[in-house]
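# sequence and predicted structure below; questions after.
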Number of protein chains: 4
Amino acid sequence: MGWIAKATAITGTVLLLTTGAASAVEVHNGAISEAEVLQAQKAWGEALVAISREHAEKGAKPARDLAAKVIDSAYGYQLGPVLFKPTLTQEPQTFRTNREGALAYFVGQDPKYPEDTGFALKGWQSVKVENAAILINGEYGTTLGKVSFTNKAGEVTTVDKSWTFKKDEQGTIRIIQHHSSLPYVAKP
Amino acid sequence: MGWIAKATAITGTVLLLTTGAASAVEVHNGAISEAEVLQAQKAWGEALVAISREHAEKGAKPARDLAAKVIDSAYGYQLGPVLFKPTLTQEPQTFRTNREGALAYFVGQDPKYPEDTGFALKGWQSVKVENAAILINGEYGTTLGKVSFTNKAGEVTTVDKSWTFKKDEQGTIRIIQHHSSLPYVAKP
Amino acid sequence: MGWIAKATAITGTVLLLTTGAASAVEVHNGAISEAEVLQAQKAWGEALVAISREHAEKGAKPARDLAAKVIDSAYGYQLGPVLFKPTLTQEPQTFRTNREGALAYFVGQDPKYPEDTGFALKGWQSVKVENAAILINGEYGTTLGKVSFTNKAGEVTTVDKSWTFKKDEQGTIRIIQHHSSLPYVAKP
Amino acid sequence: MGWIAKATAITGTVLLLTTGAASAVEVHNGAISEAEVLQAQKAWGEALVAISREHAEKGAKPARDLAAKVIDSAYGYQLGPVLFKPTLTQEPQTFRTNREGALAYFVGQDPKYPEDTGFALKGWQSVKVENAAILINGEYGTTLGKVSFTNKAGEVTTVDKSWTFKKDEQGTIRIIQHHSSLPYVAKP
């Protein structure tokens, strides 16, 4: 007598257990995919253009409302501080780790942030992302690349940009890190 | 004059930056997929059958060598303790958190583990996995379900089994948690 | 001329930037600690005893209400399926991956789960956890060990138990995996 | 008769199971701590100063050897591409996602990277890190802040810097993301 007999003696119905009808396996996967990362980048650019358009067509207040909505849905300020270094901020307000600072950066007109003129209000017509590399670690996706903004005059501004997106527990993709900078230019 | 003009003045070549040829994006994704989890379960079953066959055809020593190889490649003892509760272990050796205890469980013949008769040496012909649910969290995949083992006599033993697989930094899928138990049977 | 001079020329105020007053660093750490894992185990045991007491003192309905509250606060059913294999369940209802099945297990009296008599209603007086090993991976903590339950008669039932706790984005510790089994006993 | 009696009948020795001597719990925690993040930042600065000193005292070859050693131990190129945007790089070599590009940035003299003059060879005497915020997610720690470099002349260069450190499976802290940029300066 080996352990199988013992096991059978204990379990009794082992032979029956495998005869049940196949049932669906429930699968929950919280990881972010590369496609979701790329889509989140695209959505960020489209939101920026939308705020610019709202500003041009409806004015400052609707643009501000839209920007607030974008920040609340696309950034992760409800999860903790966001490591946000916008392109055009300066000391002592370089870093915008809270929602208020992010909103001021995008739409300006906040007396607490007197240098902010509103990055999202510059008449952006299109945004283009060119990734150099992407790291995906579970629910986090980090990207590095060039992002180019085209204004109404057709002028293009390109920045170096790092983003970390988190897929939160509700499945929403949120920016938790965002470092943007103008390219370094050596003096002649 | 807005900040774009300033930016252009600083960066100089912004208009040129976007004209480079498209280059491949490097993507590194360390997450485990559902397919990888299922494949790891299948490989575990196949390895068990292979050890049984090795034992039947070549004897104890080759079976032991193969089992050691399987443990080193399929379990994560090199990453830390493995939370392994095998089906048929008893106090005070219920848990096999180190490699030695796992090897003893699978092939027996270790004087330190006198109760172990070698789970992998029971002439297993096939292993069948029926998952109830799977959770995937980045590099970790956890499963719950029934696993059925068929021996040479065609007898089937079914256990309730939880596994957590980790995709390690080299891309190898390793078991870091494994709780197996005979089904509960109420006395009549 | 080196790049520092160029940098200085571009940045202008580099020498001033480091003279600001020290400010507090905002730190957000979502990881679960060993202490939190141990506390969550303790809380699980206390909740079980509390449901037993509620049942003894106030009856079935208050006990059920408390059990529902415990499940909603201590398990992660709102995050996805929970990989729950309770100690005393049988085919075809072995696994309780949804909230309804967990509640039936703990307090019974659900016609959909006719075998459930209510694990939490057995007059538990105390619960003791003896961990063999703990793995902590970011917001996930997985434990393996013995858990002993003492009833009013002083009888002790001990089970082998694996738990995975997740610290969710609100900081609540939730069980997302729970495999419990009676110890294997070899027939004489 | 309740399930406890049944359980006792099955398990037999339940009352004995809890009388074993207390044994140590094995704990494995792969998470990075705030202290480890801060130490890794400090070590990065010290390594930079060490390469500068090696260069001044022993010459280009020993400095290059040390830089290679630093990159191999402090960066994560063996784990995949590193999202590295150094302070002073330009198109089309802005991003240094492989080891070769990182080494060229730090010590120059690589004909494939003709613009690189060697960031680590500028006679750095000290490095100071001032974090604005830190996010810790399991084995990953991401920081945002100012980093200031002082050269032999006492001149200070300050940059905006984002780092993501990963504690790898061997417990080594590695940089997997590094975005550094000179502060934006508005033209008067």
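In hand now; what should we look at?

# what's the longest helix along chain A in contact with?
Longest helix in chain A by number of residues (criterion: DSSP state H): helix A:34-58. For helix A:34-58, contacts defined as Cβ atoms under 8 Å, 6 or more residues apart in numbering or on different chains pick out A:62-63, A:66-67, A:70, A:74, A:106-107, A:118, A:120-129, A:131, A:134, A:136, A:141, A:143, A:147, A:149, A:163, A:165, A:167, A:173, A:175, B:27, B:29. In this view, the C-beta of every residue, glycine as well, is placed from N, C-alpha and C.

# right, and the helix or strand after that helix?
Proceeding N to C from helix A:34-58, the next assigned helix or strand is helix A:60-74, under DSSP states H and E.

# establish whether the following helix or strand past that next one and chain C are in contact.
Downstream of helix A:60-74, the first helix or strand assigned by DSSP H and E is strand A:83-85. No: shown here: strand A:83-85 not in contact with chain C (Cβ under 8 Å from any Cβ of the partner chain), separated by at least 9.3 Å.

# strand A:83-85 near chain D anywhere?
Yes: Strand A:83-85 lies within reach of chain D by Cβ under 8 Å from any Cβ, at A:Leu83, A:Phe84, A:Lys85.

# show me which of the residues you listed is closest to chain D.
Proximity of these to chain D (Cβ to the nearest Cβ) peaks at A:Leu83, which lies at 3.8 Å.

# list phi and psi for the residue in chain A that chain D sits nearest to.
Closest to chain D within chain A is A:Ser181: 3.2 Å, counting by Cβ to the nearest Cβ. In terms of degrees, to the nearest 10, the main-chain angles of A:Ser181 are phi -150, psi 150.

# for it, which non-adjacent residue is spatially closest?
The spatial neighbour of A:Ser181 that comes closest, neighbours along the chain excluded (Cβ to Cβ, 6 or more residues apart in numbering or on different chains), is D:Ser181 at 3.2 Å.

# next: A:Val129.
Among residues not flanking A:Val129 along the chain, A:Gln41 sits closest, at 4.7 Å (Cβ to Cβ, 6+ apart).

# can you check A:Gln177 too?
Leaving aside its sequence neighbours, A:Gln177 sits nearest to A:Thr164 (Cβ to Cβ, 6+ apart; 3.7 Å).

# so what's the one you found up against?
A:Leu83, A:Tyr140, A:Gly141, A:Thr142, A:Thr143, A:Ile175, A:Ile176, A:Gln177, A:His178, D:Thr142, D:Thr164, D:Gln177.

# what separates the residue of chain A closest to chain D from A:Val147, distance-wise?
Applying Cβ to Cβ, to the nearest Å, the value for A:Ser181 to A:Val147 is 11 Å.

# now list whatever residues contact both of the two.
A:Val159, A:Lys161.

# could you list the low-pLDDT ranges of chain A?
Within chain A, the stretches with pLDDT under 70 are A:1-23, A:188.

# chain D contacts on that one?
By Cβ under 8 Å from any Cβ, the residues of chain A that approach chain D are A:10, A:80-81, A:83-85, A:87-91, A:94-95, A:97, A:115, A:132-133, A:135, A:137, A:140, A:142-146, A:160, A:162, A:164, A:176-177, A:179, A:181-186.

# tell me which of those residues fall in strands.
Counting by DSSP state E, the part of the residues of chain A next to chain D found in strands is A:83-85, A:132-133, A:135, A:137, A:140, A:142-146, A:160, A:162, A:164, A:176-177, A:179, A:181.

# can you go through the residues you listed and name the buried ones?
Neighbour counting over those (16 or more other Cβ atoms under 10 Å in any protein chain shown) leaves A:83-85, A:132-133, A:135, A:137, A:140, A:142-146, A:160, A:162, A:164, A:176-177, A:179, A:181 as the buried ones.

# so what's the residue nearest the centre of chain A bridging to?
For chain A, the residue nearest the mean C-alpha position is A:Ile175 (3.1 Å; Cα atoms, centre = their mean). Bridge pairing for A:Ile175 (DSSP bridges) gives the partners A:Tyr75, A:Phe165.
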